[in-house]
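K.L.:
build the 3D model from these lines:
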Amino acid sequence: MAFLLAFVNIVAYLAAPPAGFATVVVTMVIVGVRRGRSRLEKLLTMLVLTMPLYALPVLPGLHHVASWTTLLLVALLVMVIPHITRMSPVILVALFIIVAFSILTGLSSGDGADGWYYIAQFLMFTVPAVIVYEARSWIRATLDKDAANRLLSTLASTQLALAIGVLVQWQLHSRLGISLGSISFFAERVTYDLTVSAYSVLSGLLAIGIVLAPTLWRRGRWKMAVILAVVSSFAIVVNSSRTGIIVGAVVLGLAILFPPKGARRFGARLAIVPAGILAWWMYDLYAGSVRGREGFLDDNGRFETFRNAFDRMMATDENFLLGVGYADYEGVAPHNFVVETLVSSGVIVSAVVFALIVGLLVYLRQSEWQYSIWALLGASMLFAGFYAVKAAAVIAVLMLALRAADNATQRGDVAPPAVGLANQERPEMMNGSQKTRRTA
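P.N.:
Residues are numbered from 1 along each chain as shown. Reported below is the predicted structural model:
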């Protein structure tokens, strides 16, 4: 069901945005009426199902910031914040620095509306993940093992819908001449970007499907593990970007060689053989394509953009401290999230953001939920990072929530059974002594 919902939403939005709006509303109704699910699980489910639409406005004519992902992340904050009993002073200071200095950057750069748009994107990447982390005790009490498994299944199904969407887009264009969604035309190749107008970004998102394979396998979802890894790999090659190949192969290897705590390490590491075959198959397909003949390790001028960005950052003290702004580039933005954050935000905000990312990875260490984050972080080193921050926010809050649910399972924290009038224990007196009996 999750695959069908995600796929229909993607196709409907590409064919006619009003139809896509209607299908998402129907999806909300279907998810909302399901019994035995908490409100938190339903909201996280909707966030995952609509993640492929993060770069599209809910209706034509609206700004891209007005996407379903934005609306659902705001709804998540509204739901979660009241359940935070006490926030860490360090986290509060970090959030204040990020928000305050991002506003100062916007005011000093004079970027106008575009600058404030990127600031909103940037805050969307950092604030929801921090808030979800601070509410982990409530999340631990709300999500159980079954909910975690359902959310994992929803993520896998959505990733499969995204990959198949790329393949459908490719076939419609190459065989029937029908252009559906974002397609980029270069001198010697065509890239199929589906709902994201940046092929490297989509390639990084597709890599998550490869990285999920070991987790699905360990949980008995063998068929889905194999199908998702193979289809995602083929979609990455069709998409025509090296990003997903590099990140997918490297992070998949890490996920196999360093399995989560409690997994059988020897058996898990044997999977490096089929993983190596998959990586070689991806590379072989890519090498035989037009894009592959350009050179797999060609930097395409990336290091030149790094040097130009750093030169601009170091030009003035204001640029060094507050950054040059998020939309004030002369030429091509550096294709690297770390460099882009440093140059755009300045050293103060960047230091806090990088510290929070390290804290996120430390919290997720020795868990199988860290590798999806690693995949997106690795991919963001190869493309302009601000293109994917909303998708990264969805993955971050989902992985944090699943980690909290894992903690509850490992500790044996389960909700006590409801006690109603039909199963209460009540005392009765027998021969002068108190005896307890359960009423029917």
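K.L.:
where are the low-confidence patches of the chain?
P.N.:
Applying pLDDT under 70 to the chain picks out residues 109-115, 187, 260-302, 326-333, 381-388, 407-440.
K.L.:
mind checking the longest helix of it?
P.N.:
Using DSSP state H, we find that the single longest helix of the chain is helix 145-176.
K.L.:
surely T191 is in a helix?
P.N.:
No - counting by DSSP: H, G, I helix; E, B strand; the rest coil, T191 is located in no helix; its state is strand.
K.L.:
I'd say T126 and V99 touch.
P.N.:
No - shown here, T126 and V99 do not form a contact pair, counting by Cβ atoms under 8 Å, at 9.0 Å. Just so you know, the C-beta spots here come from the backbone N, C-alpha and C atoms, and that holds for glycine as well.
K.L.:
higher neighbour count, the two?
P.N.:
Each of T126 and V99 had its neighbours counted (other Cβ atoms under 10 Å), and the higher figure belongs to T126 (23 against 15).
K.L.:
measure the more buried one to V349 for me?
P.N.:
9 Å (Cβ to Cβ, to the nearest Å).
K.L.:
find residues that contact each of those two.
P.N.:
The contact sets of T126 and V349 overlap at I98 (Cβ atoms under 8 Å, 6 or more residues apart in numbering).
K.L.:
hmm, back to that, which helix or strand lies directly C-terminal to the longest helix of the chain?
P.N.:
Scanning forward in sequence from helix 145-176, with DSSP states H and E defining helices and strands, the next element found is strand 182-185.
K.L.:
may I have that next one as CSV, with CA atoms only?
P.N.:
C-alpha atoms of strand 182-185 as CSV (Å, rounded to 0.1, in the frame of the first residue of the first chain):
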residue,chain,number,x,y,z
SER,A,182,12.3,17.3,-14.6
ILE,A,183,14.6,16.2,-17.4
SER,A,184,18.0,17.9,-18.0
PHE,A,185,19.6,18.0,-21.5
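K.L.:
pairing partners for that strand, with directions?
P.N.:
Strand pairing for strand 182-185, using DSSP bridges, gives strand 190-194 (antiparallel).
K.L.:
so for the partner strand, what gets flagged as buried?
P.N.:
190-194 (16 or more other Cβ atoms under 10 Å).
K.L.:
what helices and strands are in contact with the next helix or strand after that strand?
P.N.:
With elements assigned by DSSP H and E, the helix or strand that comes after strand 190-194 is helix 199-211. Secondary structure elements in contact with helix 199-211, counted by 3 or more Cβ pairs under 8 Å, 6 or more residues apart in numbering; DSSP states H and E, are helix 145-176, strand 190-194, helix 222-239, helix 242-257, helix 370-380, helix 389-411.
K.L.:
quick one: closest of those to V132.
P.N.:
For those, proximity to V132 was assessed by Cβ to Cβ; helix 389-411 is nearest, at 4.6 Å.
K.L.:
ok, now how distant is V231 from E41?
P.N.:
Applying Cβ to Cβ, the value for V231 to E41 is 26 Å.
K.L.:
next one: F186
P.N.:
With distances taken as Cβ to Cβ, F186 is found 42 Å from E41.
K.L.:
neighbour-wise, which of those two wins?
P.N.:
For F186 versus E41, the count of surrounding residues by other Cβ under 10 Å is larger for E41: 23 against 11.
K.L.:
before we move on, the earlier item: buried ones in the longest helix of the chain, by neighbour count?
P.N.:
The neighbour-count criterion (16+ other Cβ under 10 Å) identifies 147-148, 150-170, 172-173 as the buried residues of helix 145-176.
K.L.:
next, the angle from that helix to helix 199-211.
P.N.:
Orientation note: helix 145-176 sits at an angle of 130 degrees relative to helix 199-211 (axes from the mean of the first three to the mean of the last three Cα atoms, to 10 degrees).
K.L.:
take the helices and strands packed on helix 199-211 and write them to JSON lines, including distance to F122.
P.N.:
Converted to JSON lines, these look like this (distance: least, Cβ to Cβ, whole Å):
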{"stretch": "helix 145-176", "distance to F122": "24"}
{"stretch": "strand 190-194", "distance to F122": "22"}
{"stretch": "helix 222-239", "distance to F122": "26"}
{"stretch": "helix 242-257", "distance to F122": "21"}
{"stretch": "helix 370-380", "distance to F122": "13"}
{"stretch": "helix 389-411", "distance to F122": "6"}
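K.L.:
ok, which of these comes nearest E318?
P.N.:
Closest approach to E318 among those (Cβ to Cβ): helix 389-411, 24.1 Å.
K.L.:
who are the packing partners of that closest one?
P.N.:
Using 3+ Cβ pairs under 8 Å, 6+ apart as the test, helix 389-411 ends up in contact with helix 39-49, helix 68-80, helix 113-134, helix 136-142, helix 145-176, helix 199-211, helix 337-364, helix 370-380.
K.L.:
tell me which of these sits most buried.
P.N.:
Most buried of the helices and strands packed on helix 389-411, by mean neighbour count (mean count of other Cβ atoms under 10 Å): helix 199-211, with a mean of 29.
K.L.:
could you point out the helix or strand that follows it?
P.N.:
Using DSSP H and E, the next helix or strand after helix 199-211 towards the C-terminus is helix 213-218.
K.L.:
contacts for that next one?
P.N.:
152, 156, 222, 224-226, 228-229, 252, 255-256, 259, 263, 268, 271, 368, 371.
K.L.:
now a ChimeraX select for only the buried ones of those.
P.N.:
Only the buried members of the contacts of helix 213-218 end up in this ChimeraX selection, burial being decided by 16+ other Cβ under 10 Å:
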select :152,156,224,225,228,229,252,255,256,259,268,271,368,371
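K.L.:
which other residues reach the host helix or strand of V25?
P.N.:
Assigning secondary structure by DSSP H and E places V25 in helix 17-32. When contacts are defined by Cβ under 8 Å, 6+ apart, helix 17-32 is touched by residues 1, 5, 8-9, 12-14, 37, 42, 45-46, 49-50, 53, 56-60, 68.
K.L.:
good, wrapping up.
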